[in-house]
Each structure stands twice: as structure tokens, then as C-alpha cells.
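# fold the following.
(one chain, ligands or ions: 2)
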Amino acid sequence: YPAVKRKYCREDFQVKPIEEVKRLATFSSLGVSAELTNILKDHGIYEPTPIQEQAIPILHEGQDVIAQAQTGTGKTLAFVLPILEQIQPDGYAPQALIVTPTRELALQITSELNKLTEHLTGIHTLAVYGGQDIQGQLNKLEKQVNIVVATPGRLLDHLRRGTVSLSEVSLFVLDEADQMLQFGFMPEIKEIIGQLPERRQTMLFSATMPDEVRALAKRYMTSPRNVKVRGSDT
Ligand code: ADP
Ligand code: MG
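Ligands and ions are numbered 1, 2, ... in the order given. Have a look, this model is predicted:
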């Protein structure tokens, strides 16, 4: 009767120790505002993923973070939520810059931000990437933009033309840093960082942590805290 025996296995009825239950994080317990927590619920997002659980509280403290977790583990929200908590809705110049390796990722992050800010007043996100009419991007840059989500090449075009200013950027995200390295974007990244204010919070997210990415973090980040979700490679 193995099936029957399995059915009534004692472990199945064991209650989780109270500590374990208590430790389950919610977005609220990580310091995410009630307003954003409710918006997340409306989009079917109820519980933080492990990388969100680890990174969000540190980012709320304003510290630099190096976060490593595999693809598909929710790294985007791990930086998007703390950014949304910190953005001042007034002001025209971008306060947050998210640099990501591909146009697809730039569009994905932008749509995630737009979904969350749809009902928040005064937060505007602009995607800046190659292969898209630069004039359209220029027109939008003349309006209020709080968050810029960009691929490195097109952002540099704008910086060289003087059509985007990074002087008010206090929140900087280097997304999918290992892919940036693979695509040969390190020189562009360094040039972009060179134009950012020294006083800023820097967040580096990556699935893997090659030496060159570590070296970049060491050079451009301030006492970064490391968070890593087990199971990610290297
Ligand atoms: P990564 O950057 O780590 O590859 P993403 O941030 O793109 O992963 O997230 C992958 C998917 O998981 C997305 O569709 C996202 O909406 C979803 N997701 C993120 N966080 C949560 C969560 N806390 N609960 C449920 N789904 C989530
Ligand atoms: Mg990602």
C-alpha cells in the first residue's frame, strides 16, 4: 500500500515552525509603500521574489548594491520599486537612469514602469534606444522625463549632442551587466558613468559576475553591498 502510506505521511500534516512563517517577506515588510503594494496586487504580484527580498531594503537605505540572480528571477522590480519610492515627481531633468543592453530590454523595463506609474501622478519614463527615430526621442526629452531607460549607444549619441542631461541623476542602474560585457559595451558604460554626478546611488544587476564586471563595480561604486540568490551560476 505505498500510495496509501504516502497519502497519510505524517510530515504532510506538520505545521511550519513559527519563525519560518514570520520570515516570509511581503512587499510592505520590505518597506514598499501601500500605494505601490496595491498597484502590484492589481497586476497579480503578491509576494517578493528572493532577489527582491534581499535587494529592496538595502536600496531603500540608499546604499549601493551588487545583485546577482539568474534570468527570470524578478531583478527588474528589485530596482524599479526603490526607484519609484525615491523619485521626486516635480522637476524636468531625469533623476533616474537605467542602462540595459538591448532595445527589447529597454522596452520591457519601460512598459513595466509605465504599468506601475499609470495611476501615480507626475512620474514619466522615456525609453532611449537605437533604431528608433531620434527626433521623436528629442521631442519627448523636451518634456518632463523623470526616468530614462536607455541602451548605451543611443544614450551616448544624446549625450554627445547635449540633448540629454544627466546632471540631476541620483539613481543609476546597470542592468544585466554581464550581457553588457558580452556585447562589448564596457567603454560606453565607462563614458556614461563619467558623466554622472558623483553623489548617486548605483545598482548593478547581473545573472553572472565575471571579473570585468566586479572590476567595474569596484571602480565606480561606493561601498556596495552584495546580494546573491543561491542557484545562480558562478
Ligand atoms: P530578470 O531581470 O531577473 O531576468 P524580470 O525582472 O524580467 O527577471 O522578471 C521576470 C518575470 O517575473 C516578469 O514577467 C515579471 O513581471 C515577473 N515577476 C517579477 N517579480 C515578480 C513577483 N514578485 N511575483 C510574480 N511575478 C514576478
Ligand atoms: Mg532583467
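
# over to Val173: give its phi and psi.
Val173 adopts backbone torsions of phi -120, psi 130, taken as degrees, to the nearest 10.

# ok so Met203 is a strand residue?
Yes: with DSSP: H, G, I helix; E, B strand; the rest coil as the criterion, Met203 is assigned to a strand.

# show me what contacts it?
Shown in contact with Met203 (Cβ atoms under 8 Å, 6 or more residues apart in numbering): 55, 59, 64-65, 67, 79, 82, 171-174. (C-beta placed from N, C-alpha, C; glycine too.)

# just the ones of those in helices?
Among the contacts of Met203, the members found in helices (DSSP state H) are 55, 59, 79, 82.

# the closest residue to the last one other than its chain neighbours: how many residues sit nearby?
The reference is to Pro82. Of all residues not flanking Pro82 in the chain, Leu59 sits nearest, at 3.7 Å (Cβ to Cβ, 6 or more residues apart in numbering). Residues within reach of Leu59, counting by other Cβ atoms under 10 Å, total 28.

# right, and Glu85 touches Glu61 too?
No: contact criterion Cβ atoms under 8 Å: Glu85 and Glu61 do not qualify, at 11.4 Å.

# now do Ala78 against Asp133, distance only.
Separation of Ala78 from Asp133 (Cβ to Cβ, to the nearest Å): 32 Å.

# and if you look at Ala34?
In terms of Cβ to Cβ, Ala34 sits 40 Å off from Asp133.

# just Thr37 next, same as before
In this view, Thr37 and Asp133 are 37 Å apart by Cβ to Cβ.

# give the contact list for Val213.
177-178, 181, 204, 206.

# go again using 10 Å as the cut-off
Each residue near Val213 by Cβ atoms under 10 Å, 6 or more residues apart in numbering is listed here: 66, 68, 174, 177-178, 180-181, 186, 204, 206.

# who wins on neighbours among those residues?
Highest neighbour count within the contacts of Val213, by other Cβ under 10 Å: Ala177, with 30 neighbours.

# touching, Gly74 and Phe27? I think so.
No: counting by Cβ atoms under 10 Å, Gly74 does not reach Phe27; the two are 11.7 Å apart.

# these two: which is more packed in?
A side-by-side neighbour count of Gly74 and Phe27, using other Cβ under 10 Å, places Phe27 first with 23 against 17.

# residue contacts, the closest residue to that one other than its chain neighbours?
The spatially closest residue to Phe27, leaving aside those adjacent along the chain, is Thr37, at 4.5 Å (Cβ to Cβ, 6+ apart). Contacts of Thr37 were listed using Cβ under 10 Å, 6+ apart, and they are 26-28, 30, 45-46, 81.
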